[in-house]
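Participant: coords below, sequence missing:
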Ligand code: IDP
């Protein structure tokens, strides 16, 4: 079984798309292993998109990612990385086929609603970047995490 890292970016959260996106992953057959809402700070955004540091749109990309809350998720399944990328669609929504998340919900490459890891290695790097130690907890829901009123 493979895991991938998926994130509803701030424009997707603001537009109320978390539910629809989670639903598409569930319907496809993925298993949800971790989910959290967070406000990404600039150092985390810069690390996450480090490979794009030299690109002309890097500043705009970091502004975008830090502009509001994002929803970070770990999804597990067969060929999780490739299956997630096909659900998400092409980077540029102009090229993303209708039926994909970007094809259905986005118009502009600078606000394309969702992120999905591009390789199993990136997925593991991004999972530890966003979930840290807790990734292991989320990975093995047995025994489940219990929250006690006394904790
Ligand atoms: P991906 O998100 O489909 O893996 P990448 O090429 O890794 O695509 O780009 C990362 C993110 O950078 C994109 O999802 C998009 O938000 C942003 N981006 C890519 N190209 C441009 C651009 O030309 N202008 C503004 N933002 C861009």
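Facilitator: Now that the structure is in, tell me what you want to look at. Because the structure is predicted, anything quoted here is derived from the model rather than measured.

Participant: can you give me the helices for this protein?
Facilitator: 10-14, 18-28, 42-48, 58-65, 80-88, 101-105, 120-131, 134-139 (DSSP state H).

Participant: touching the ligand at all, stretch 106-118?
Facilitator: Yes. Judged by Cβ under 6 Å from any ligand atom, stretch 106-118 comes into contact with the ligand at 109, 110, 112, 115, 118. All C-beta spots, glycine's among them, are computed from the backbone N, C-alpha and C.

Participant: no wait, stretch 84-93
Facilitator: Yes. Stretch 84-93 is in contact with the ligand by Cβ under 6 Å from any ligand atom, via residue 91.

Participant: quote the end-to-end distance of that stretch.
Facilitator: 16 Å (Cα to Cα, to the nearest Å).

Participant: and stretch 34-50, by the same measure?
Facilitator: End to end - Cα to Cα - stretch 34-50 spans 23 Å.

Participant: same question for stretch 92-101.
Facilitator: Taking Cα to Cα, stretch 92-101 runs 12 Å from one end to the other.
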